[in-house]
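In: Sequence first, then the predicted structure:
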Amino acid sequence: MEKQQIPNGTLVLVMGILSIIGCCCYGLPGLIFGIVAIVLAGKATKVYTESPESFSGFGNVKAGKIMGIIGVVLSIAMVLFYVWIITTFGWDTMQDQELMQQKLQEMMGPQ
């Protein structure tokens, strides 16, 4: 019997890669792609464990799941960083570059 590709194996890998890339875009796209990669990897793993001799390409699922987890962690860190920046400096300061520089200099102290 010929082995089939595991369902959504390549999609899990692509979503995992996009989750790492997406964490640089304010964290939200990376979080979404990472969660999708983890959920799809769980479903593919369940299918694979029922009959591993029928499917090939499980390495893509494992790699995609790992990248999805990394992407979720990095995205959460980015979201928390932006929340900290906005709560520390305020939204108006974020919009004005000169005011932001002034606030950063105040934060650094006298030099």
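Out: That came through fine.

In: How is Lys46 assigned, secondary-structure-wise?
Out: Under DSSP: H, G, I helix; E, B strand; the rest coil, Lys46 falls in the helix class.

In: How about the contacts made by the spatially most central residue of the chain?
Out: For the chain, the residue nearest the mean C-alpha position is Gly71 (2.5 Å; CA atoms, centre = their mean). Residues near Gly71 by CB atoms under 8 Å, 6 or more residues apart in numbering: 16, 18-20, 22-23, 30-31, 33-34, 37. Yep, even glycine has a C-beta here, placed from its N, CA and C like the rest.

In: one more time with 6 Å
Out: Taking CB atoms under 6 Å, 6 or more residues apart in numbering, we find Gly71 in contact with 19-20, 23, 30, 34.

In: which of the residues you listed lies closest to Gly90?
Out: Comparing the contacts of Gly71 against Gly90 with CB to CB places Cys23 closest, at 24.3 Å.

In: Determine the number of other residues adjacent to the closest residue to the closest one other than its chain neighbours.
Out: Of all residues not flanking Cys23 in the chain, Gly30 sits nearest, at 3.4 Å (CB to CB, 6 or more residues apart in numbering). Residue neighbour count, defined by other CB atoms under 10 Å, stands at 28 for Gly30.

In: again, but for the one 4 residues further on
Out: As a burial measure, Gly34 scores 28 neighbours (other CB under 10 Å).

In: Would you mark the buried spots in the helix or strand harbouring it?
Out: Gly34 belongs to helix 28-50 when assigned by DSSP states H and E. Within helix 28-50, the residues that count as buried by 16 or more other CB atoms under 10 Å are 29-38, 40-41, 44-45, 47-48.
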